[in-house]
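S.K.: structure here, sequence nowhere to be found:
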Ligand SMILES: CC(C)(COP(=O)(O)OP(=O)(O)OC[C@H]1O[C@@H](n2cnc3c(N)ncnc32)[C@H](O)[C@@H]1OP(=O)(O)O)[C@@H](O)C(=O)NCCC(=O)NCCS
């Protein structure tokens, strides 16, 4: 195999809309309670975009923060990947809109759709271009406005989701640092468990699809729950094995912020104490592709994640998909 360069995160940024929707607000919208939502999910509140905000608007701000943190100009970016399940529109890609808005004049741009696993998938894809020497700087963004595809009359889903964005810059780093291993998985047999039925080529948008609310996210929560706990454990073990690490080496486990019960159940199966879990689901809910970069960004900014720490990120989502990445933090 040809020698590949070590690739790591050299800049990180995030953004959430300022509008807060609390569980108490939801109590006024559907038959639910703050207590039910907290006990079943760990969520207290989530952020929701303003009517004039779309996914690219959140992505642009997160991207600008990440570029500033990396100390590079947008014109130096070679490739932009936006992981999203809620693009501004079906086409063109949200990545192209971001490319134009930030002035990344020399960058290619595309969207990557892997449900809530999108950011970890995109991290793996983007890092290949840097590892092979094809590109020097890749901007990877996870950005979502789940509030736009949520049925606000359906208490079984509307309490779970929120909006936000996180972004990272990938560049070469000192050997031994950066992304040590990553793994991707998919099982399309579970496509129906979590999907947005209408608006694509199978069920084009029509008066009937809108009347049947098929333009909203549809989910079998219990099935997703079981799948999530299982693959989170499996993907964590797989990525650690590939990196030559054990669960004892993990300093920070950043799991997809879907539900605190899923995170705690998976961590328990792995024998990783909750003190090593990075959690912000209480404040943002499930922000899909944005959830892992948002959590990572907060933990870096508040100093929890330090140079040399071992960070493992694991996501799961629609597809069904799952993905994991093990990183030695810092670029030395
Ligand atoms: C959705 C989820 C929180 C539901 O929790 P649960 O413990 O499985 O609850 P159940 O679905 O068994 O529902 C229990 C009861 O609460 C009710 N309920 C559902 N949502 C409710 C709400 N928001 N408020 C009050 N009651 C609610 C149900 O109707 C059900 O009532 P019943 O027993 O009379 O039928 C949980 O299954 C989950 O988090 N799944 C994973 C979802 C996910 O992560 N999706 C995104 C993946 S990327």
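M.R.: Thanks, I have the structure now. The structure displayed is predicted, hence computed values, not measured ones. Numbers count the residues shown, from 1 in each chain.

S.K.: packing partners of the one helix or strand residue 268 maps to?
M.R.: Element membership for residue 268 (DSSP states H and E) is helix 260-270. The contact analysis (3 or more CB pairs under 8 Å, 6 or more residues apart in numbering; DSSP states H and E) places helix 260-270 against helix 34-41, helix 221-243, strand 252-255, helix 281-284. (Each C-beta comes from the backbone N, C-alpha and C, glycine too.)

S.K.: need these in CSV with mean pLDDT, distance to the ligand and mean neighbour count, can you?
M.R.: Below are these laid out as CSV (pLDDT from 0 to 100; distance: least, CB to the nearest ligand atom, whole Å; neighbours: other CB atoms under 10 Å):
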stretch, mean pLDDT, distance to the ligand, mean neighbour count
helix 34-41, 98, 4, 16
helix 221-243, 97, 3, 19
strand 252-255, 98, 11, 26
helix 281-284, 98, 10, 21
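
S.K.: which of these sits closest to residue 59?
M.R.: The closest of the helices and strands packed on helix 260-270 to residue 59 is helix 281-284. By CB to CB, the value is 15.8 Å.

S.K.: which strands and helices sit next to the helix or strand that that closest one is followed by?
M.R.: Using DSSP H and E, the helix or strand that follows helix 281-284 towards the C-terminus is helix 291-301. Contacts defined by 3+ CB pairs under 8 Å, 6+ apart place helix 291-301 against strand 7-15, helix 118-131, strand 138-145, strand 163-172, strand 252-255, helix 281-284, strand 310-317.

S.K.: near the ligand, which residues of this structure are found?
M.R.: 32, 36-37, 40-41, 116, 155-156, 159, 194, 219, 221-222, 224-225, 228, 258-259, 286, 317 (CB under 6 Å from any ligand atom).

S.K.: mind running it again at 5 Å?
M.R.: Taking CB under 5 Å from any ligand atom, the part of the chain that reaches the ligand is made up of 32, 36, 40-41, 116, 155-156, 159, 221-222, 224-225, 258-259, 317.

S.K.: and which of those residues is nearest residue 274?
M.R.: Nearest member of the residues of the chain next to the ligand to residue 274, counting by CB to CB, is residue 259, at 14.0 Å.

S.K.: from what I can see the closest one touches residue 41, true?
M.R.: Yes - counting by CB atoms under 8 Å, residue 41 is a contact partner of residue 259 at 4.8 Å.

S.K.: shared neighbours, these two?
M.R.: 160, 281 (CB atoms under 8 Å, 6 or more residues apart in numbering).

S.K.: flag every buried residue along the helix holding residue 268.
M.R.: Buried residues in helix 260-270, counted by 16 or more other CB atoms under 10 Å: 260-267, 270.

S.K.: ok, so of these, who is nearest residue 282?
M.R.: Within the buried residues of helix 260-270, proximity to residue 282 (CB to CB) peaks at residue 260, which comes in at 7.4 Å.

S.K.: and the residue nearest to that closest one when sequence neighbours are not counted, how far from residue 301?
M.R.: Closest residue in space to residue 260, ignoring its immediate chain neighbours: residue 42 at 2.7 Å, by CB to CB, 6 or more residues apart in numbering. Distance, residue 42 to residue 301, using CB to CB, to the nearest Å: 21 Å.

S.K.: so the two - more neighbours on which side?
M.R.: residue 42 (20 against 14; other CB atoms under 10 Å).

S.K.: isn't that one right up against residue 259?
M.R.: Yes - under the criterion of CB under 8 Å, residue 42 makes contact with residue 259 at 6.4 Å.

S.K.: joint contacts of the two?
M.R.: residue 281.

S.K.: got the buried residues for whichever strand or helix holds residue 26?
M.R.: Assigned by DSSP H and E, residue 26 belongs to helix 23-27. Across helix 23-27, burial judged by 16+ other CB under 10 Å covers 23, 26-27.

S.K.: specify which member of these is nearest to residue 108.
M.R.: residue 26 (40.7 Å).

S.K.: from residue 157, how far out is residue 185?
M.R.: Per CB to CB, residue 185 is found 24 Å from residue 157.

S.K.: pLDDT on stretch 261-278, on average?
M.R.: Per-region confidence: stretch 261-278 scores 97 on mean pLDDT.

S.K.: coming back round to it: quick one: contacts of the helix holding residue 26?
M.R.: Outside helix 23-27, the residues that reach it (CB under 8 Å, 6+ apart) are 32-34, 37-38, 43-45, 158-159.
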